[in-house]
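Student: A structural model of the following input is requested.
(one chain, ligands or ions: 1)
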Amino acid sequence: MPPDPPALPEEIAELTDPGHREDPYPYLGKLRERSPYRPFDGLVVVGRHAQVSAVLRDPAMSAARDRAALSPTPQGPRTRNFLHLDPPEHTRYRRLVAGAFARRQVAGLAPRIREIAAELVGGAAGPGGFEVVDGLAYPLPLRVICELLGVPFEDRDLLQDWSAKLSEALDPPIGPAAGRMTTDAARARAAFVAYFRKLIEQRRDAPRDDLVSHLLQVEEDGQRLDDHDILTTCVLLLNAGHETTVNLIANAVLALLRHPDQLERLRADPSLAPAAVEEVLRYDAPVQMTTRVARRAGTIGAAEVRPGDMVLLLLGAANRDPGVFPDPDRFDIGRGPAPAHLSFSAGPHFCLGAGLARLEVAIALELFATLPVRPRLRPGGVVYKRNLNLRGPDRLLIDTDAVR
Ligand code: HEM
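Tutor: Numbering: from 1, shown residues only. Okay, here's the model as predicted:
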């Protein structure tokens, strides 16, 4: 039997309580106030913007989570994707994949994204209610990433199901579900792997103009990705790039509906859509937290850090640090150039898909705000997923009124 996990201090117990998914910010605020601190041996919690940002950029902090004394799921080097690697190995892998996400490549996807988004957003203009998560937030990024990777249209539902199950396993090892990779998540991972193994084989025999074929061919400085690298990269792209964007879209629609003045502002000037996306990223981070592992002894502020400590970085708390963002709990799409939020992380692991996510969601919001009807939230229409980290609505029901 594994040892019982240490009793959770009150603030962490409050944050991880599944009943608090709808509004974790009061608990994140308390943790930020106490930050940095060691609730128990092996864990350091960090929530202030400057400290989170510094840890993410600190070479003494490793992304190899399985090195943490607290880690429940040792992964072993061969099943790790590059999110879990450190430079210089990380740099090499990331460079091989990065070309596909370069600014120019991503900009080229805009017309197709607009086509898909227009079809989906159009569903909201019809009679009756519209469920934003199933109707827009899930299918938009899923279709885009599937088209990019070369996953056939008819397999999308399978991938959506596996991706949702796997995202539950991305919670950090704190809280009531600590250390339990659910059977569902483990099955989903196995199914993902089997699926992509087959797809890689097919593309090796008959390459197409898609990312899997590209990954099979890329070579830099004599380095290539082997099948295993391609496999873990595909699973990473689908999962990291999908659930996160789903949350961003749903969080964005919800924030706009809860702040009708901001929705009106966007309606009047749709060119504000990219600014609205940045404000949603700050206000309601789709990835609430990440972790690093200390390689050596040191300090973060007043907190002692020991080798093997897991450092829990509360991105959602840092984004509402009042020392950085004035009136941080106010949702304001006109904040203008502001200090960087940390929703896409920072340093060497800065999100590779940030440009793609920004583009997809800006297009979706622009189309949503300019619908020929006026959307409103149905009372009781929001239900949250259980996930602590990849947090977002599971259901988001809206009704629409004719525009007068
Ligand atoms: C890394 C957030 C969309 C691919 C990350 C990290 C965060 C993040 C926080 C770094 C975690 C860390 O430092 O420990 C988000 C959010 C998204 C989003 C909030 C949407 C709103 C995407 C998309 C893709 C993608 C669309 C690709 C299709 C990746 C990859 C990494 C990553 C490959 C690993 C980068 C590395 O380790 O060097 N993302 N992401 N993400 N993201 Fe995203």
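
Student: hmm, Asn81 is touching Leu236, no?
Tutor: Yes: using C-beta atoms under 8 Å, Asn81 is in contact with Leu236, at 4.1 Å. Bear in mind the C-beta positions are built from the backbone N, C-alpha and C, glycine included.

Student: what about the residue in the stretch 51-200 of the chain positioned nearest to the ligand, how many residues close to it?
Tutor: Proximity of the stretch 51-200 of the chain to the ligand (C-beta to the nearest ligand atom) peaks at Leu83, 4.0 Å away. Residues near Leu83, counting by other C-beta atoms under 10 Å, number 20.

Student: tell me how far it lies from Arg48.
Tutor: 24 Å (C-beta to C-beta, to the nearest Å).

Student: one step back: wait, the residue of the stretch 51-200 of the chain closest to the ligand sits on Arg65?
Tutor: No: judged on C-beta under 8 Å, Leu83 makes no contact with Arg65 at a distance of 9.1 Å.

Student: identify the contacts common to those two.
Tutor: The contact sets of Leu83 and Arg65 do not overlap (C-beta atoms under 8 Å, 6 or more residues apart in numbering).

Student: centre-most residue in the protein?
Tutor: Centroid-nearest residue in the chain: Thr244, 3.1 Å away (criterion: C-alpha atoms, centre = their mean).

Student: just say helix, strand or coil for the residue nearest to that one when sequence neighbours are not counted.
Tutor: Among residues not flanking Thr244 along the chain, Pro286 sits closest, at 4.8 Å (C-beta to C-beta, 6 or more residues apart in numbering). Assigned with DSSP: H, G, I helix; E, B strand; the rest coil, Pro286 falls in the coil class.

Student: same thing with Thr400?
Tutor: strand.

Student: for it, give me its contacts.
Tutor: Contact analysis of Thr400 by C-beta under 8 Å, 6+ apart lists 124-125, 130, 371, 373-376.

Student: mind listing the helices for the stretch 101-250 of the chain?
Tutor: Along the stretch 101-250 of the chain, the segments classed as helices by DSSP state H, counting those that start in this stretch run 103-107, 110-122, 132, 139-149, 156-168, 183-205, 211-217, 227-240, 243-258.

Student: quick check: residues of the stretch 301-404 of the chain near the ligand?
Tutor: 343-345, 349, 351-353, 356-357 (C-beta under 6 Å from any ligand atom).

Student: do that again at 5 Å, thanks
Tutor: The stretch 301-404 of the chain comes close to the ligand at residues 343, 345, 349, 351-353, 356-357, as judged by C-beta under 5 Å from any ligand atom.

Student: next one: the chain
Tutor: Near the ligand, when you scan the chain using C-beta under 5 Å from any ligand atom, you find 83, 94, 237, 240-241, 244-245, 248, 286-287, 290, 343, 345, 349, 351-353, 356-357.

Student: can you count the residues close to Leu56?
Tutor: A count of neighbours around Leu56, defined by other C-beta under 10 Å, yields 23.

Student: any idea how far it is from Leu313?
Tutor: Leu56 is 7 Å from Leu313, by C-beta to C-beta.

Student: with adjacent residues omitted, what lies nearest to the residue in the chain positioned nearest to the ligand?
Tutor: Here the chain gets closest to the ligand at one residue, Gly353, 2.0 Å apart by C-beta to the nearest ligand atom. Closest residue to Gly353 apart from its sequence neighbours, by C-beta to C-beta, 6+ apart: Gly241 at 4.7 Å.

Student: now do the strands in the stretch 301-404 of the chain.
Tutor: 303-305, 310-314, 373-384, 393-402 (DSSP state E, counting those that start in this stretch).
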